[in-house]
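*Asks:* next comes the sequence, and after it the predicted model I'd like to discuss.
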2 protein chains.
Amino acid sequence: MAYRQTDKVSARLADTRRGILDAARDLVSEGGFAAAQMSEVARRAGVATGTLYRYFSSKEELCRQIFREVSSQEMGLLATIASGDDPARARLVEVLRTFAGRAVKGRRLAYALLAEPVDANLAEERAFFRRTHAEIFARILEDGVEAGELPPMNVRIAAACIAGAIPTALIGPLAPQSHELDEDPDRIVDEIVAFCLAGVGAALPERKAGKIERRATA
Amino acid sequence: MAYRQTDKVSARLADTRRGILDAARDLVSEGGFAAAQMSEVARRAGVATGTLYRYFSSKEELCRQIFREVSSQEMGLLATIASGDDPARARLVEVLRTFAGRAVKGRRLAYALLAEPVDANLAEERAFFRRTHAEIFARILEDGVEAGELPPMNVRIAAACIAGAIPTALIGPLAPQSHELDEDPDRIVDEIVAFCLAGVGAALPERKAGKIERRATA
DNA sequence: GGTGAGCATGAACCGTGGTTCATTTCTTGA
DNA sequence: TCAAGAAATGAACCACGGTTCATGCTCACC
């Protein structure tokens, strides 16, 4: 025996790993997953192609990591808002605004994560991502319903609707070739948020929704 | 010159073409686009692989045709409803119900068209498909707003929200491996429709929405 | 039934991009 | 400085599935 991994080395390894992830994420933010070919990632990270496979078992695995990293970061942000003390309605507004607003800012990346065609395995990851969104929304909605702030509804379905409406309504504008957002992103975000709020019976800031009784589904 | 295409021949050609399209569509309905490989399509249609290329210049072209055929069929259905004489609200309800209901019935196919990962070119076709949906929704919404049935709103964005909410809310349930829909599809559809209606300020059948003034955007 | 053109065939081909692996370079502890 | 094992290298490899094309068959017209 004549080798034991030293701290310095394991730090360097960690650096390399980070470097690879960063390179890959950057490529995705620039050209979507399509642009993140292994050889290109390697070049960007300043390592050889084969090296990638010392850190990630496959491209799929690498992409999965990116997906997880980015989305858990976003999720964290939303989750913090969601678990605040404000009334459900206010939290909902802020969560929706944050979500949509960040997507608009990091358009290319958001597009890649939310809509770009990817292969089946990554699609699962994306589904998970969306499901996590939906859960956050659902939690707030549940609070709102319990507090009587929102009319009764099937919160899971309503949450899924929101999780679908926002990306889709943004996608056209979000798509790489579109410039629709360059003018007035806020207005678009506002409209979308308004739709979702109304959808859950929380139409106007000044107007409590209690009056509008809706469906009876638990 | 010793050959001129006879009626009988061109009929047979047309038949073969149809056969290929049908085979391909069937494969897609069973296993998604992933299952529709050229060799498999050929086998199913009872022709040789090469023959496919006498009818369609590429796989992309073939898939595109399927996409167009199926979606134009669906669109036709929705468009008919949309252009009826009923009040906007009623038309909207029927369109949404029809859309969601048909998706639930032809789950596998709907999943393939709406959500299955496909390559970039087909994704464009899908985007077009959704845009067409959205336009139908938008038209009805516009009618509703003009007639004072619905509060003012940016109908394009609201339509996009709807076009996103429905598939997404169904996708989980729609996904091949899920059996969520087997129990009570109608309830799910109802919930989704209710969300969308509320989203555009048309919350309850008995309740005109005129009172709820919303955003001022044209 | 002969001829030339369209049509069908399916095994071979090929481009792409992820993956491997024999070789080289570093790193460690003695 | 040396041995042994880890880490890095990158050109070669390979799988996959769409596409081609040399070959044989069918059809229309004479």
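*Replies:* Okay, I see it.

*Asks:* now the phi/psi pair for residue A:29, please.
*Replies:* phi -70, psi -20 (degrees, to the nearest 10).

*Asks:* the nearest residue to it once chain neighbours are set aside and residue B:143, how far apart?
*Replies:* Sequence neighbours aside, residue A:109 is the residue nearest to residue A:29 in space, at 4.3 Å (criterion: Cβ to Cβ, 6 or more residues apart in numbering or on different chains). (Glycine included, C-beta is placed from N, CA and C.) Using Cβ to Cβ, to the nearest Å, we find residue A:109 at a distance of 38 Å from residue B:143.

*Asks:* what's the neighbour count on the residue of chain A found nearest DNA strand C?
*Replies:* The nearest approach of chain A to DNA strand C comes at residue A:6, 2.8 Å away (Cβ to the nearest atom of the strand). By other Cβ atoms under 10 Å in any protein chain shown, 9 other residues sit near residue A:6.

*Asks:* please apply the same query to the one 4 residues further on.
*Replies:* Number of residues near residue A:10 (other Cβ under 10 Å) recorded here: 10.

*Asks:* sorry, back to before: name the helix or strand for the residue nearest to residue A:29, please.
*Replies:* Following DSSP states H and E, one finds residue A:109 within helix A:107-114.

*Asks:* so the helix or strand following that helix versus helix A:107-114, what angle?
*Replies:* Going down the chain from helix A:107-114, the next helix or strand is helix A:120-146, by DSSP H and E. Between helix A:120-146 and helix A:107-114, the angle comes out at 90 degrees (axes from the mean of the first three to the mean of the last three Cα atoms, to 10 degrees).

*Asks:* which helices and strands sit right next to helix A:120-146?
*Replies:* Applying 3 or more Cβ pairs under 8 Å, 6 or more residues apart in numbering or on different chains; DSSP states H and E, one finds that helix A:120-146 contacts helix A:59-82, helix A:88-105, helix A:107-114, helix A:155-174, helix B:155-174.

*Asks:* related to what we said a few turns ago, hmm, who's touching the helix holding residue A:109?
*Replies:* Helix A:107-114 has contacts (Cβ atoms under 8 Å, 6 or more residues apart in numbering or on different chains) with A:25, A:28-33, A:67, A:70-71, A:102-104, A:126, A:129, A:167, A:170-171, A:174-176, A:181.

*Asks:* list only buried entries from these.
*Replies:* By neighbour count, with 16 or more other Cβ atoms under 10 Å in any protein chain shown, these hold A:25, A:28-29, A:31-33, A:67, A:70-71, A:103-104, A:126, A:129, A:167, A:170-171, A:174-175, A:181 as buried.

*Asks:* any weak-confidence spans in chain A?
*Replies:* A:1-4, A:172-183, A:204-218 (pLDDT under 70).

*Asks:* closest to the centroid, which residue in chain A?
*Replies:* Geometric centre of chain A, nearest residue: residue A:71, 4.8 Å, by Cα atoms, centre = their mean.
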